[in-house]
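Visitor: give me coordinates for this.
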Amino acid sequence: MDIDFDAVAKGMAIAVPYIAHMGIEVTSMSEGEATAVLPDRPELHNHVGSQHAGALFGVAETASGAAFVGAFAARMGDVTPLARSAEIAYSKVARGPIEAKARLTKPAADALATLDAECRVDFSVEVELTDAEGATVATATVDWNVKLKDPES
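Guide: Numbering: from 1, shown residues only. Below is the predicted model:
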């Protein structure tokens, strides 16, 4: 089955209204990887005029979710995904648009095989957030739990 990752990426803001609310755009998606961009808008700034920590977390979580969707695209109707936990480390003042690049820490095929064998799978997604100059402003890890939906529900 061929997946149109561009169409799926564009649909993220429809499927998850919070993404549209924040103005986050999923700019690329592939099997287990994704990139999202946080715009530079005054309402996303903190008291010193840089990107708000919550906005940075939002784009990191969005990119991690898009990486998950890229890995599980063919099975999205069969699964219930939930972010279990997340950790973010802010390393530099974040100014301007911020790009978040995410990737699963295990191959998508391995995650899918575990899902089929155990009806659930846990995995992490690592995210690097960079500014327009390519400097890392934060790193994050989001831990996901994905379960097969009950066929009776």
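
Visitor: for Thr80, phi and psi?
Guide: phi -120, psi 110 (degrees, to the nearest 10).

Visitor: may I ask you to confirm that it is in contact with Lys149?
Guide: Yes: using Cβ atoms under 8 Å, Thr80 makes contact with Lys149 at a distance of 5.6 Å. C-beta coordinates here come from the backbone N, C-alpha and C atoms, glycine included.

Visitor: just how off-centre is the helix ranked longest in the chain within its chain?
Guide: Using DSSP state H to define each element, the chain has its longest helix at helix 53-72. Centroid displacement of helix 53-72 relative to its chain, using Cα atoms, centre = their mean, to the nearest Å, is 2 Å.

Visitor: and the closest residue to Glu87 other than its chain neighbours, what does it touch?
Guide: The spatial neighbour of Glu87 that comes closest, neighbours along the chain excluded (Cβ to Cβ, 6 or more residues apart in numbering), is Thr141 at 5.2 Å. Residues near Thr141 by Cβ atoms under 8 Å, 6 or more residues apart in numbering: Ala86, Glu87, Ser124, Val125, Glu126, Val127.

Visitor: which residues touch the fifth one?
Guide: By Cβ under 8 Å, 6+ apart, Glu126 lies in contact with Ala102, Arg103, Thr105, Thr139, Ala140, Thr141.

Visitor: run the last query once more with 10 Å
Guide: Taking Cβ atoms under 10 Å, 6 or more residues apart in numbering as the criterion, Glu126 is in contact with 60, 63-64, 67, 101-105, 139-142.

Visitor: what of the third one?
Guide: Residues touching Ser124, when contacts are defined by Cβ under 10 Å, 6+ apart, comprise 64, 84-87, 103-106, 141-144.

Visitor: can you flag the buried ones in those residues?
Guide: Neighbour counting by 16 or more other Cβ atoms under 10 Å classes Ser64, Ala86, Arg103, Leu104, Lys106, Thr141, Val142, Asp143, Trp144 among the contacts of Ser124 as buried.

Visitor: narrow those residues to those in helices?
Guide: Ser64.
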